[in-house]
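>>> Need the 3D shape of this:
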Amino acid sequence: MALGGGTFIAQNKILPGSYINFVSLAAASASLSDRGVAALGVEMDWGAEGSLIELTAEDFMKKSFKIFGHEYGDDALKGLRDLFLNARKVFTYRLNSGGTKASNTFATALWGGTRGNDLKTIIKTNVDDNTKFDVITVLGSTEVDKQTVASAAGLVDNDFCTFNSGATLAVTAGTAFTGGTNGTASSTQHQDFLDKLESKSFNALGAVTTEATIKTLYATYTARLRDEIGKKFQCVLYSKAADYEGVINVKNTVSDVGANGASMVYWTTGKEAAKPINASATNDIYDGEFSPVVNYTQSQLESAIQAGEFVFHQVDDDIRVLTDINSLVTTSDTKGDIFKDNQTIRVIDQIANDIAVLFNTRYLGSVPNDHAGRVSLWSDIVKHHKALQDIRAIEDFSDSDVTVDQGDTKKAVVVSDSVTIVNTMEKLYMTVYVS
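Prediction:
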């Protein structure tokens, strides 16, 4: 069942669901869900087309050859290795579908792409029965399949190719596949990826692109899902001044030859997805494989912070995150400076996601909207927030900070909730008096 969610202005929603607003206080003054899930589309020279792939870090290490056509350590998977340095699970999708499948006389590559040109078929006479053939499929230098058959009609398709059952088998030291080409990642593929993601839960979404229209697509998608549907996550984009707390604007490009200029999005997406709600990425060391451009002056770094840019900078021999901020620069009475901090967004997103799941699974359509029912909801929210306080994500929380009342209709409940978010230390102001 589709459930409502997002923010509200008046109590006039039609769909049942959880509608949660977060606002700043005036300037004058249950269980916690796991993090670490990222989503990021990739351009590859091999792999399934048109389908969302769910990968754990273990899957990536053990199954990368089958899924992506490359060993875990190959340069082609450099970006995904950066992503999985922190992410525990990733939803990915091949963006450049529509390429040509490589083929030879005996078989056709399972997927389109230039990696298919590295396939070859080796056929030998079977040593035990000279009326049969050993048909071997090799990708690069790795044997991926071997079958013993009397004719091509007996061959069974494998993970890398489909066989031509009408082919005449003949001994060959290696017949190469040819003609494989990559497709082009268009806005249509990006949109298909985002459409398929809409039913999934994740903490950070990344787009490794320098194209302005694609970046706008992702920023708009993020705002719609966060504010209209109530799906809380952050989107990591390169050089996108979105002025929105849901978008993290990575400033640095990379100097690696042939690499996408937006490649720092890989590591940042994994880091932001996995960063605990009671911690910040500020001053974290970049431990990935790319070479980010970090030659910024002090004044340039100050300007970057004021512009809402997520920046890597040089500190002695290390490359570190300057400060863990998002692209928000324009503040208001209801959205103050604290909303610029990604740790703040992680905390409020955690609250929104957890309370929505709590309400939608335990209360919606099940618990009567009477005093006892509202007390039960109040108790669960208080318990959840005390868990946040225990891990020092919020502070000074009191039971009285949460109230649950009946809304304008007998089916509505109104929750008022006040939290004080804890941020990690970033600035030291110290005065030493010497006598």
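>>> Please count neighbours and contacts with C-alpha atoms only from this point.
Will do.
>>> how about the strands in the stretch 201-350 of the chain?
204-206, 234-238, 247-250, 309-310, 312-315, 318-321 (DSSP state E, counting those that start in this stretch).
>>> Quick check: the gap between Glu395 and Ile421.
6 Å (C-alpha to C-alpha, to the nearest Å).
>>> neighbour count winner among those two?
Ile421 (20 against 16; other C-alpha atoms under 10 Å).
>>> Would you list the phi and psi of the closest residue to that one other than its chain neighbours?
Spatial nearest neighbour of Ile421, chain neighbours left out: Ile394 (4.3 Å); criterion: C-alpha to C-alpha, 6 or more residues apart in numbering. For Ile394, the backbone dihedrals (degrees, to the nearest 10) come out as phi -130, psi 170.
>>> Turn the strands of the stretch 201-350 of the chain into CSV, including distance to Gln389 and mean pLDDT.
CSV is the format used below for the strands of the stretch 201-350 of the chain (distance: least, C-alpha to C-alpha, whole Å; pLDDT from 0 to 100):
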stretch, distance to Gln389, mean pLDDT
strand 204-206, 24, 98
strand 234-238, 23, 98
strand 247-250, 26, 98
strand 309-310, 27, 98
strand 312-315, 30, 96
strand 318-321, 26, 96
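>>> Would you reformat those as TSV and include mean neighbour count and distance to Phe160?
What follows is the strands of the stretch 201-350 of the chain, written out as TSV (neighbours: other C-alpha atoms under 10 Å; distance: least, C-alpha to C-alpha, whole Å):
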stretch	mean neighbour count	distance to Phe160
strand 204-206	29	29
strand 234-238	30	33
strand 247-250	29	37
strand 309-310	28	40
strand 312-315	20	40
strand 318-321	18	40
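>>> And the ones you listed: which comes nearest Glu54?
Ranking the strands of the stretch 201-350 of the chain by their distance to Glu54 (criterion: C-alpha to C-alpha) puts strand 204-206 first, at 13.7 Å.
>>> what helices or strands is the closest one leaning on?
Contact partners of strand 204-206 among helices and strands, from 3 or more C-alpha pairs under 8 Å, 6 or more residues apart in numbering; DSSP states H and E: strand 37-42, strand 234-238, helix 264-274.
>>> what does the first one contact?
Outside of strand 37-42, the residues within contact range by C-alpha atoms under 8 Å, 6 or more residues apart in numbering are 87-96, 190, 193, 197, 201-208, 269-270, 273-274.
>>> What of the second one?
When contacts are taken as C-alpha under 8 Å, 6+ apart, the neighbours of strand 234-238 outside the stretch itself are 203-210, 215, 218-219, 222, 245-253, 262, 264-265, 268-269.
>>> coming back round to it: right, and the residue nearest to Ile421 touches Val419 too?
Yes - under the criterion of C-alpha atoms under 8 Å, Ile394 is in contact with Val419, at a separation of 6.6 Å.
>>> ok, now which ones touch the residue nearest to Ile421?
His385, Leu388, Val419, Thr420, Ile421, Val422.
>>> again, 10 Å this time
Contact partners of Ile394, counting by C-alpha atoms under 10 Å, 6 or more residues apart in numbering, are 277-278, 344, 347, 385-388, 419-423.
>>> Pull up the gap between Ile53 and Asn126, please.
Between Ile53 and Asn126 the computed distance is 38 Å (C-alpha to C-alpha).
>>> With Thr361 instead?
Note on Thr361: its distance to Asn126, by C-alpha to C-alpha, is 60 Å.
>>> Show me which of these two is the more surrounded one.
Under the criterion of other C-alpha under 10 Å, the comparison of Thr361 against Asn126 puts Asn126 first, with 15 against 11.
>>> report the longest helix in the chain, please.
helix 371-390 (DSSP state H).
>>> Give the buried residues for stretch 387-399.
Buried residues in stretch 387-399, counting neighbours by 16 or more other C-alpha atoms under 10 Å, are found at Ala387, Leu388, Gln389, Arg392, Ala393, Ile394, Glu395, Phe397.
>>> which stretches of this structure aren't confidently modelled?
By pLDDT under 70, the low-scoring segments of the chain are 1-18, 20-33, 429.
>>> Okay, helices next: where are they in it?
Counting by DSSP H, the helices of the chain are 57-68, 78-84, 187-197, 212-224, 264-274, 298-306, 342-358, 371-390.
>>> Pick the most deeply packed of the ones you listed.
Neighbour counts (mean count of other C-alpha atoms under 10 Å) averaged over each of the helices of the chain peak at helix 264-274, with a mean of 28.
>>> the inter-axis angle of it versus helix 342-358?
Taking axes from the mean of the first three to the mean of the last three C-alpha atoms, to 10 degrees, helix 264-274 and helix 342-358 form an angle of 50 degrees between their directions.
>>> Using PDB, write out every CA atom in helix 264-274.
Extracted in PDB, the C-alpha atoms of helix 264-274 (Å, rounded to 0.1, in the frame of the first residue of the first chain):
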ATOM      1  CA  MET A 264      35.100  12.300  -5.400                       C
ATOM      2  CA  VAL A 265      31.300  11.600  -5.300                       C
ATOM      3  CA  TYR A 266      32.000   7.900  -4.900                       C
ATOM      4  CA  TRP A 267      33.800   8.200  -1.500                       C
ATOM      5  CA  THR A 268      31.700  11.000  -0.200                       C
ATOM      6  CA  THR A 269      28.500   9.100  -0.900                       C
ATOM      7  CA  GLY A 270      29.700   6.000   1.000                       C
ATOM      8  CA  LYS A 271      31.000   8.200   3.800                       C
ATOM      9  CA  GLU A 272      27.800  10.100   4.200                       C
ATOM     10  CA  ALA A 273      25.700   7.000   4.000                       C
ATOM     11  CA  ALA A 274      27.600   5.300   6.700                       C
END
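>>> So Met61 is in contact with Tyr72, correct?
Yes - the pair Met61 and Tyr72 qualifies as a contact (C-alpha atoms under 10 Å) at a distance of 5.8 Å.
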